[in-house]
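Participant: Quick check, what structure comes out for this input:
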Amino acid sequence: MPIYEAIILGITQGLSEFLPISSTAHLRIVPAFAGWEDPGAAFTAVIQLGTLAAVLIYFRNELWNVARTWLLSLRRPELRSDPDARIGWYLIVATVPIVIFGKLFENPIENGARDLYLIGIVMIVFGLILYVADRVGSQDRDERSMSTRDGVIIGVAQSAALVPGVSRSGATISAGRFLGLEREAAARFSFLLSVPAVVLSGVYELSKIVRGTESTDAGAAALIVSTVMAFIFGYASIAFLLRYLATHTVTVFTVYRVILGSLVIALVAAGTIS
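Facilitator: Presented below is the predicted three-dimensional model:
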């Protein structure tokens, strides 16, 4: 993979991982538009470690408080009702569904689900779901008011993002909004929830590459460059989205998804891209 291609794909990953527009779909669509080869699921999972680093650094204080309080609560029962300890449990509970579904449907997800026609349809459908969730969701809860039930529902929604085009952040923010979370609260929990999901998928794909059971044509230099770019632009997109959602709806993302999804479907139907 040429370095310029690695740079563009890294920027694409960083910008689209946290915005509700689907990074996996964009890492399939951008190469198709440019006439490049599909970088593959392994490449996507590895460079997600760059966006993982962005989350860890941006939310370092909040993550430290959650991890510390959760660990202490394991041997100090009086801390188990602390909001940080409960969020720690919710992050664990919400990660279980994507682990189960990811393993059960690994082959179709990494192969058939990357079909561009399917991605175009999913971009449109879940863009409209995002719009509806934002419109009907109330604005009276933050992430510290969550329950175990909320964590399970958001976790199941996250597992839908195994299909390119759904968007992990879009699915989890939509679920949070349906449950009555404020936009910023839904986004914050979504970003925190990305940590275990991305760690597990990235490490899993890296282990397959190391063992030789899966390969990527990107090369070590391209992977490093893409991951660094994903970190830089991922950090910027987190800061942007949290500020944006404080005063705006998600309508612009729905419009973007519908337009891009329709364009992909039209180009595939015309045989322009395949």
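
Participant: right, and Arg141 touches Ala186 too?
Facilitator: No: taking contacts as C-beta atoms under 8 Å, Arg141 lies outside contact range of Ala186: 9.1 Å. All C-beta spots, glycine's among them, are computed from the backbone N, C-alpha and C.

Participant: From Phe191, how far out is the nearest residue to Asp82 once chain neighbours are set aside?
Facilitator: Nearest residue to Asp82 in three dimensions, chain neighbours excluded: Thr69, at 5.3 Å (C-beta to C-beta, 6 or more residues apart in numbering). Distance from Thr69 to Phe191, counting by C-beta to C-beta, to the nearest Å: 18 Å.

Participant: now do Val250
Facilitator: 15 Å.

Participant: Show me what the helix or strand Ile154 falls within is packed against.
Facilitator: If you go by DSSP states H and E, Ile154 is part of helix 148-160. When contacts are defined as 3 or more C-beta pairs under 8 Å, 6 or more residues apart in numbering; DSSP states H and E, helix 148-160 packs onto helix 83-104, helix 168-178, helix 183-211.

Participant: so which of the ones you listed comes closest to Glu37?
Facilitator: helix 183-211 (16.9 Å; C-beta to C-beta).

Participant: tell me the mean pLDDT over the closest one?
Facilitator: Average pLDDT, helix 183-211: 80.

Participant: Apart from its neighbours in sequence, what residue is nearest the most centrally placed residue in the chain?
Facilitator: Geometric centre of the chain, nearest residue: Arg168, 3.5 Å, by C-alpha atoms, centre = their mean. Closest residue to Arg168 apart from its sequence neighbours, by C-beta to C-beta, 6+ apart: Ala161 at 3.7 Å.

Participant: so what's the backbone phi/psi at that neighbour?
Facilitator: Here is the backbone geometry of Ala161 (degrees, to the nearest 10): phi -70, psi 0.

Participant: my guess is it meets Ser167, correct?
Facilitator: Yes: assessed by C-beta under 8 Å, Ala161 is found in contact with Ser167 at 6.0 Å.

Participant: any residues in contact with both of these two?
Facilitator: Counting by C-beta atoms under 8 Å, 6 or more residues apart in numbering, the contacts common to Ala161 and Ser167 are Ser22.

Participant: Give me the more crowded residue out of those two.
Facilitator: Ser167 (32 against 21; other C-beta atoms under 10 Å).

Participant: Hmm, that one is touching Ala25, no?
Facilitator: Yes: taking C-beta under 8 Å as the definition, Ser167 is a contact partner of Ala25 at 7.4 Å.

Participant: returning to what we had before: so if I had to pick from Arg141 and Ala186, which one is more boxed in?
Facilitator: Taking other C-beta under 10 Å, Arg141 and Ala186 do not tie; Ala186 has more neighbours (29 against 17).

Participant: so how far is Ala221 from the more buried one?
Facilitator: On the measure of C-beta to C-beta, Ala186 and Ala221 end up 37 Å apart.

Participant: and if you look at Glu184?
Facilitator: 38 Å.

Participant: Likewise for Thr251?
Facilitator: 40 Å.

Participant: do Gly151 as well
Facilitator: On the measure of C-beta to C-beta, Gly151 and Ala221 end up 40 Å apart.

Participant: So for the two, which sits in the more crowded spot?
Facilitator: Gly151 (22 against 11).

Participant: what residues are up against that one?
Facilitator: 89-91, 93-94.

Participant: quick one: average pLDDT of stretch 154-161?
Facilitator: On average, stretch 154-161 scores 91.

Participant: Oh, that last question was meant for stretch 134-144, not what I typed.
Facilitator: Stretch 134-144 shows a mean pLDDT of 78.

Participant: what's the span of that stretch from first residue to last?
Facilitator: 19 Å (C-alpha to C-alpha, to the nearest Å).

Participant: In this structure, what helix or strand scores lowest on average pLDDT?
Facilitator: helix 106-110 (a mean of 66; mean pLDDT, DSSP states H and E).
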